[in-house]
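Visitor: Here's a sequence, model it:
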Amino acid sequence: MSVSNLGDLLAKSREERTSSETLYSEIVDLLTESLKDEEAEVRAASAKSLGLLRDKKSIPALKEALKDEEAEVRAAVVEALGRFAA
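Guide: All right, here's what the predicted structure looks like:
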């Protein structure tokens, strides 16, 4: 592999990484927004997903969701926050 090919490969890798990071950030943002959805099932699923991702920027929204009126949602939020400690 020539140096120019290696440079192209590194540049492509950098672009893909940046694109992936942007997509990941958008997913976390969408899930965080979904904690305010009308449907309790959507809010609970969003909380569970955020727990699996363990992105620290979602913690404030998850803490706020502890106040949700639905027990199903609160339970999912507690589980999600517990994953951060694991």
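Visitor: Remind me what the host helix or strand of residue 44 packs against, helices and strands.
Guide: Assigned by DSSP states H and E, residue 44 belongs to helix 40-53. Helices and strands touching helix 40-53, by 3 or more Cβ pairs under 8 Å, 6 or more residues apart in numbering; DSSP states H and E, are helix 3-34, helix 59-65, helix 71-85. The way it works is simple: take the backbone N, C-alpha and C, and place the C-beta from them, glycine included.
Visitor: Next, residue 38: secondary structure please.
Guide: Following DSSP: H, G, I helix; E, B strand; the rest coil, residue 38 is assigned to coil.
Visitor: What count of nearby residues applies to it?
Guide: A count of nearby residues for residue 38, using other Cβ atoms under 10 Å, gives 6.
Visitor: do the same with residue 76
Guide: Neighbour tally, residue 76, other Cβ under 10 Å: 26.
Visitor: Pull out the buried positions in stretch 42-51.
Guide: 43-51 (16 or more other Cβ atoms under 10 Å).
Visitor: Make JSON lines out of the residues you listed and add distance to residue 66.
Guide: Below are these laid out as JSON lines (distance: Cβ to Cβ, whole Å):
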{"residue": "43", "distance to residue 66": "12"}
{"residue": "44", "distance to residue 66": "13"}
{"residue": "45", "distance to residue 66": "16"}
{"residue": "46", "distance to residue 66": "14"}
{"residue": "47", "distance to residue 66": "10"}
{"residue": "48", "distance to residue 66": "14"}
{"residue": "49", "distance to residue 66": "17"}
{"residue": "50", "distance to residue 66": "13"}
{"residue": "51", "distance to residue 66": "13"}
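Visitor: which residues make contact with stretch 13-24 from outside it?
Guide: residue 55 (Cβ atoms under 8 Å, 6 or more residues apart in numbering).
Visitor: now that stretch: how far from the chain's centre is it?
Guide: In this view, stretch 13-24 has its centroid 15 Å away from the chain centroid, taken as Cα atoms, centre = their mean, to the nearest Å.
Visitor: I'd like the average pLDDT over that stretch.
Guide: Across stretch 13-24, pLDDT averages out at 79.
Visitor: Right, I'll call it a day here.
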